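> Requesting a structural model of the entry that follows:
(chains A and B)
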Amino acid sequence: MSNRRSRQSSNASRISDDQMIDLVSKLRQFLPEIHERRRSDKVSASKVLQETCNYIRKLHREVDNLSDRLSQLLDSVDEDGPEAAVIRSLLM
Amino acid sequence: MASADKLINTDVPEKDVFALHFLQSLSNLKTQNPLNSPAKSIDRVRKIKKAAYVSMARAAGGTSRLWSRALLRRAAKDDNKSVRFSRRKRKVTWKISSKRRKSNNQRAPVVEEAAERLRNLVPGGGGMETSKLMEETAHYIKCLSMQVKVMQCLVDGLSQK
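As a prediction, the model looks like this:
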């Protein structure tokens, strides 16, 4: 896995605009449905970045909420019982 | 254009890798803090949150990604521990100082402005060039959403009694 890194070219810091557009479109794939009113061929890079920021903030908030709920739930867990079954089912 | 695909790899491990790391973290927390000790609930929440981020960084590849490396470094600093980095011979270093980064920028200023906000959100973003930032962000988002799914499953499972 570490070989992958050393194969990357030293020109990467001078990625061309074409590759930049490609990266941005890749990033777009991971974002939830964006409300795009324009033609989809003209990717607005700053809009994608803005949506990315919002999405990351939303994910951080969800981690916070879930941590909170987990803390409450884990308190009331007994050592044996159905919880062990839950854990096992998660790992399947 | 095909060469760009070879350079950029944003694969993340399967969900069970994240689940396993997170559950291990949680069980470590339990052995360190027995249930009868009067810990404040906000400390518990904070510990769980930290366990979530650290286990996510480990599941995602530990020190092989810039964002996970920065996250682990930040977490270790809080604990006053030191993080062990695997020694690899690297021809290229991705991190550049922010001053040099500013002079390298040829992107439109509106893009750079949005990228700056992104840098504050992604761990380790401050030293990355914009193109590298995009790649790290993609990986970070995938891992974060995986972690959220794992935690949601756990919460759902524990809530059904």
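> Mind naming the longest helix for chain B?
helix B:130-159 (DSSP state H).
> Give the buried residues for that helix.
B:130-148, B:150-151, B:154-155, B:157-158 (16 or more other CB atoms under 10 Å in any protein chain shown). For glycine as for every other residue, the C-beta is placed from the backbone atoms N, C-alpha and C.
> and chain A, which of these reach it?
By CB under 8 Å from any CB of the partner chain, the members of the buried residues of helix B:130-159 lying near chain A are B:130-132, B:134-135, B:137-138, B:140-142, B:144-145, B:147-148, B:150-151, B:154-155, B:157-158.
> rewinding a little: quick one: the longest helix of chain B to chain centroid distance?
Distance of helix B:130-159 from the chain centroid (CA atoms, centre = their mean, to the nearest Å) equals 9 Å.
> Tell me which other helices or strands that helix touches.
helix A:17-30, helix A:45-75, helix A:82-91, helix B:15-32, helix B:41-59, helix B:66-79, helix B:109-121 (3 or more CB pairs under 8 Å, 6 or more residues apart in numbering or on different chains; DSSP states H and E).
> what does the average pLDDT come to for the shortest one?
Yep, that's helix A:82-91 we're talking about. Mean per-residue pLDDT for helix A:82-91: 61.
> okay but residue B:110 is in contact with residue A:48, surely?
No - shown here, residue B:110 and residue A:48 do not form a contact pair, counting by CB atoms under 8 Å, at 11.9 Å.
> Next one: residue B:130 relative to residue A:67, how far apart?
Residue B:130 is 31 Å from residue A:67, where distance means CB to CB, to the nearest Å.
> just residue A:76 next, same as before
16 Å.
> tally of neighbours for residue B:19?
Neighbourhood size, residue B:19 [other CB atoms under 10 Å in any protein chain shown]: 23.
> And for residue B:64?
With other CB under 10 Å as criterion, residue B:64 counts 15.
> which residues sit in contact with residue B:71?
The contact partners of residue B:71, taken as CB atoms under 8 Å, 6 or more residues apart in numbering or on different chains, are B:53-54, B:56-57, B:123-124.
> Look at the spatially most central residue of chain B and report its pLDDT.
Centroid-nearest residue in chain B, with CA atoms, centre = their mean: residue B:68, separated by 3.9 Å. Note for residue B:68: predicted pLDDT of 89.
> What degree of burial does the closest residue in space to it that isn't next to it in sequence show, as a neighbour count?
Distances taken as CB to CB, 6 or more residues apart in numbering or on different chains place residue B:57 nearest to residue B:68, at 3.9 Å, with adjacent residues excluded. Using other CB under 10 Å, residue B:57 is surrounded by 26 other residues.
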